[in-house]
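Q: sequence-free structure coming up:
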């Protein structure tokens with residue numbers, strides 16, 4: 001299986017070495033070719049703009065899409081990343097690809113870096129929760145498999161050791177994400 005992972009810093013692996021990133025670890029554990037096309041700071045609009053090119057360059061049979069949180073940090077309403085994610089999913093379907101969605105591990109707001117507080121006001125928090133709920137509904141309605149990284153972190157009570165700064169996963173967080181992703185891959189083979 002050849003999997004393209006398109007996303008933002010949560011996919012790229014901001015703050016950890018490339019060989020400690022969940023995408024790399026998942027490739028090593030699963031034996032599948034898993035390509036990391038995460039860009040730190042990218043928005044869902046940026047992902048959509050480069051989506052077709054990424055598919056053309058890598059020729060995957062599966063695409064894993066996870067992003068949209070940066071849109072919300074920038075003050076966009078939840079509908080913006082929803083529309084962009086929906087467009088990528090349907091473009092992937094039209095290209096004959098298997099499409100998976102990732103639900104980012106962000107739902108505990110107590111551990112965010114203090115200097116980011118201006119970005120993470122009540123409205124942003126509300127939109128992040130609404131966006132994550134929408135991912136659940138959208139994946140269910142359109143039968144898009146959802147890799148729920150948020151649930152894995154929730155089971156650990158969003159332990160601060162899983163994060164570098166309350167948003168980006170630590171090495172331990174990336175290992176947990178890799179375990180979650182490899183379990184998903186294994187589940188698709190049954």
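A: Happy to help now that I have it. As the structure is a computational prediction, the values presented were derived from the model and not from experiment.

Q: Centroid-nearest residue for this protein?
A: Nearest to the geometric centre of the chain sits residue 66, at 2.8 Å (C-alpha atoms, centre = their mean).

Q: Could I get the phi/psi values of that one?
A: Dihedral angles of residue 66 (phi, psi; degrees, to the nearest 10) stand at phi -150, psi 120.

Q: Would you mind confirming that it is in contact with residue 12?
A: No - checked against C-beta atoms under 8 Å, the pair residue 66 and residue 12 is beyond contact range at 10.7 Å. (C-beta placed from N, C-alpha, C; glycine too.)

Q: ok, back up a step: quick check: closest non-adjacent residue to the residue nearest to the centre of the chain.
A: Closest residue to residue 66 apart from its sequence neighbours, by C-beta to C-beta, 6 or more residues apart in numbering: residue 102 at 2.9 Å.

Q: What's the local residue count around residue 94?
A: 8 (other C-beta atoms under 10 Å).

Q: Next: residue 138.
A: By the measure other C-beta under 10 Å, the count of residues near residue 138 is 16.

Q: Repeat that for residue 114.
A: So residue 114, with other C-beta under 10 Å, has 7 neighbours.

Q: For this protein, which segments count as strands?
A: With DSSP state E as the criterion, the chain has strands at 2-7, 33-38, 62-66, 98-103, 146-148.

Q: what lines up beside the third one in the sheet?
A: Read that as strand 62-66. Here strand 62-66 is paired, per DSSP bridges, with strand 2-7 (parallel), strand 98-103 (parallel).
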